[in-house]
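Need a 3D model of the sequence below.
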Amino acid sequence: MEEKEDLDLGELENLEEESLELDESAFEVNGGVCKDCGEKLEKIVENKSLLNGMMTFHIIKLRCPNCGKEYLDLEQAEKYDFFLLLERELKKKYALQTLSRKLQMSS
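So this is what the prediction gives:
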């Protein structure tokens, strides 16, 4: 169909309805090409641990073997963001506990 600004009523009535079904895997990024250097991306799993390994996050990334740039899909980016948030809050907690112990020992 040729691109037009508006369709008249007759043209709208002649259009057919289409349905599209997507499963959850449609939103996963399983491959690609680096936008910076054009190299094929490699899928890697980076394991991030908190609390001396009591909690582990498996972050699936696509990495360019040429320039090292890394890409995450939305789900993995949200998981990594959650890991960073927990890591930051745990560091604050341990810093406060250490400071509290030092203050108690010095008094």
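
Show me what counts as buried in stretch 44-54.
For stretch 44-54, a neighbour-count test (16 or more other Cβ atoms under 10 Å) marks nothing as buried. The C-beta positions use only the backbone N, C-alpha and C, and glycine is treated the same way.

If you average the pLDDT over that stretch, what comes out?
Mean pLDDT, computed over stretch 44-54, is 93.

And the contacts of that stretch?
55-63, 80, 83, 86-87, 90 (Cβ atoms under 8 Å, 6 or more residues apart in numbering).

Could you tell me which of those count as buried?
Buried among the contacts of stretch 44-54 (16+ other Cβ under 10 Å): Phe57, Ile59, Ile60, Lys61, Leu62, Arg63, Tyr80, Phe83.

Among those, which ones are in strands?
Phe57, Ile59, Ile60, Lys61, Leu62, Arg63 (DSSP state E).

Let me see the ranges of the helices in this structure.
9-14, 74-106 (DSSP state H).
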